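J.: 3D model of this:
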Amino acid sequence: MSTDTDAARVADLAHTVVAEHDPKQVPLTEFLGACYDAGLSWVNFPEGLGGLGVSRGLQAVADKILQGAGGPVPLGLNPMGYGMAAPTLREHAQTEELKKFFLRPLATTDDIWCQLFSEPGAGSDVAGLATSAVRDGDEWVINGQKVWTSLAHRARWGLLLARTDPDAPKHKGLSYFVLDMHDPGVECRPLRQMTGQAEFNEVYITDARVPDEHRLGAVGNGWAVAMTTLMNERSALGASGSRRGAGTIEEAVQLWASRPDLHTPVLRDRLAQLWLRAEAQRLTSERSRVSAGAGGPGPEGSIGKMVGAELNQKIYEFCMDLLGPEGILYHSYALHGANEDGDWRGPIQQRYLRSRANTIEGGTSEVMRNILGERVLGLPGDLRADSGPWKDVPRG
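T.: Sure, this is the predicted structure:
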């Protein structure tokens with residue numbers, strides 16, 4: 001089947017979904033469920049799992065029609081679900097039945113997902129984690145602490161990376177699980193940010209139990225499964241809108257247009273340079289999306305994540321400089337959450353403060369540069385002093 005035929009099929013299905021389930025008239029879950037059943041949630045997934053088995057690049061065809069008719073951006077409603085859990089489940093869940101069990105309620109956003117990787121003692125070194133998983137018959141008993149877990153307080157399921165063999169090297173002794181966030185052994189404590197939001201959490205896990213069927217990948221092969229999650233996370237974080245001038249740069253252009261009283265030649269030149277950088281990032285993301293075909297993203301996705309994170313910060317810095325003294329005015333530090341569209345963004349000052357996390361979340365820019373240097377450019381890796389058994393590696 002040719003790409004043109006695939007594109008026409010995707011477009012026809014999207015038009016049918018919109019005609020039969022008008023997103024402006026029906027409940028959100030009904031519309032998203034119809035998208036899943038039509039294979040438009042992730043067009044590169046197999047049929048019956050929310051996809052059509054076509055090129056990943058054709059997702060933009062579906063999204064343009066669905067969102068153009070008033071449909072939501074699903075990634076904003078269930079970011080860890082759509083961007084990370086779905087591709088990991090598709091590739092590593094043990095049975096087709098389990099994939100279907102998890103994927104449809106994920107796609108409809110009935111089930112929100114979170115990612116349980118980062119720990120207080122591991123920092124950017126994910127493989128240094130200490131949370132343990134001990135086999136007990138057909139179950140695993142989990143104990144440990146996670147931190148910076150976005151949306152854990154709302155999540156139904158969590159992507160959990162835990163240590164099952166402390167005698168193995170740190171990358172070899174890990175296994176990957178789906179954790180029930182409603183288990184009585186799971187406690188979430190929100191972390192209030194300087195923006196006034198509390199989207200991040202500490203998660204304490206005490207004797208929580210996970211059935212072995214909820215293990216993703218083989219025992220001890222958790223790092224390979226985690227790479228599926230992380231590559232997709234970075235691809236999602238680094239993705240630009242398919243429309244020219246969309247995304248964060250659109251906010252800067254709109255602010256500029258609304259405040260002609262603040263224009264200066266220097267600021268105009270800065271905005272033009274930022275727009276050019278945003279367009280270069282968009283085209284790079286589009287090329288990466290098309291080249292990925294029906295498969296998943298590779299280490300090249302770190303380009304978009306790193307560039308996009310640093311560009312977001314530069315764009316919001318420009319917005320604050322444009323506002324001048326007005327930029328120091330913050331409307332409220334009261335706790336608040338996402339609006340009905342899943343959008344956490346508040347006023348431009350809040351977005352500026354939130355952007356400081358962009359170069360940390362999803363992998364720091366330093367980690368991204370190491371990945372690009374070693375896995376894309378083929379440069380020598382850093383010297384490592386932690387290649388022995390994990391239990392013997394000094395930890396802070």
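J.: do you know how far Pro169 is from Arg163?
T.: From Pro169 across to Arg163, the span is 11 Å (CB to CB, to the nearest Å). No exception for glycine: its C-beta is placed from N, CA and C like everyone else's.
J.: Now the common contact residues for those two.
T.: Common neighbours of Pro169 and Arg163, counting by CB atoms under 8 Å, 6 or more residues apart in numbering, are Trp390.
J.: Mind checking which of those two has more residues around it?
T.: Arg163 (22 against 18; other CB atoms under 10 Å).
J.: so the nearest residue to Arg277 once chain neighbours are set aside is in which element?
T.: Of all residues not flanking Arg277 in the chain, Leu311 sits nearest, at 5.7 Å (CB to CB, 6 or more residues apart in numbering). Per DSSP states H and E: Leu311 is located in helix 301-323.
J.: and the next element down the chain from that helix?
T.: On the C-terminal side of helix 301-323, the closest following helix or strand by DSSP H and E is helix 348-355.
J.: Going by contacts, tell me the helices and strands next to that next one.
T.: helix 248-258, helix 301-323 (3 or more CB pairs under 8 Å, 6 or more residues apart in numbering; DSSP states H and E).
J.: And the next helix or strand past the first one?
T.: It refers to helix 248-258. Next element after helix 248-258 (DSSP H and E): helix 265-291.
J.: For my notes, confirm Ala84 occurs in a helix.
T.: Not Ala; residue 84 is Met. Yes: per DSSP: H, G, I helix; E, B strand; the rest coil, Met84 lies within a helix segment.
J.: And the contacts of whichever strand or helix holds Cys114?
T.: Using DSSP H and E, Cys114 maps to strand 113-116. Contact with strand 113-116 is made by 78, 80-81, 84-85, 106, 131, 146, 149-152, 155-161, 179, 181, 203, 205, 229, 233, as judged by CB under 8 Å, 6+ apart.
J.: Centre of the chain to the following helix or strand past that strand, how far?
T.: Under the assignment DSSP H and E, the closest C-terminal helix or strand after strand 113-116 is strand 132-136. Relative to its parent chain, strand 132-136 has a centroid offset of 28 Å by CA atoms, centre = their mean, to the nearest Å.
J.: Mind listing the strands the following helix or strand past strand 132-136 pairs with, and their directions?
T.: Next along the chain after strand 132-136, taking DSSP H and E as the criterion, comes strand 139-146. Looking at strand 139-146 with DSSP bridges, its partner strands are strand 132-136 (antiparallel), strand 200-211 (antiparallel).
J.: Most tightly packed of those?
T.: Per residue and on average, the most neighbours among the strands paired with strand 139-146 fall to strand 200-211, with a mean of 19 (mean count of other CB atoms under 10 Å).
J.: any residues touching that one, and which ones?
T.: So strand 200-211 is contacted by 116, 131, 133, 136, 138-153, 158, 160, 177-180, 183-191, 193 (CB under 8 Å, 6+ apart).
J.: One more: stretch 314-328?
T.: Stretch 314-328 has contacts (CB under 8 Å, 6+ apart) with 248-249, 251-252, 255-256, 259, 262, 267, 270-271, 274, 277-278, 348-349, 351-352, 355.
J.: what's Lys310 in contact with, if anything?
T.: No, residue 310 isn't Lys; it's Glu. Going by CB under 8 Å, 6+ apart, the list of residues near Glu310 reads Asn358, Thr359, Ser365.
J.: Check Met181 too.
T.: By CB under 8 Å, 6+ apart, Met181 lies in contact with Cys114, Ala152, Ala155, Arg156, Trp157, Gly158, Cys188.
J.: measure the first one to Lys146 for me?
T.: Summarising the geometry, the distance separating Cys114 from Lys146, computed by CB to CB, is 9 Å.
J.: Now for those two: what residues contact both?
T.: Listed as contacting both Cys114 and Lys146 by CB under 8 Å, 6+ apart are Ala152.
J.: The protein - how does it break down into domains?
T.: 3-72, 113-225, 226-376 (automatic domain parsing).
J.: who wins for proximity to Arg384 among these?
T.: domain 113-225 (9.9 Å; CB to CB).
J.: Show the end-to-end separation of the closest one, please.
T.: Taking CA to CA, to the nearest Å, domain 113-225 runs 17 Å from one end to the other.
J.: With stretch 11-27 instead?
T.: Note: stretch 11-27 ends 22 Å apart using CA to CA.
J.: before we move on, back to that, what residues sit buried inside the helix holding Leu311?
T.: Neighbour-count burial for helix 301-323 flags 301-316, 318-320, 322-323 (criterion: 16 or more other CB atoms under 10 Å).
J.: Measure how far it is from the centre of its chain, please.
T.: A distance of 17 Å separates the centroid of the chain from that of helix 301-323, by CA atoms, centre = their mean.
J.: re the thing from before, buried subset of the contacts of strand 200-211?
T.: For the contacts of strand 200-211, buried by 16+ other CB under 10 Å: 116, 131, 133, 139-153, 158, 160, 177-180, 183, 186, 188, 193.
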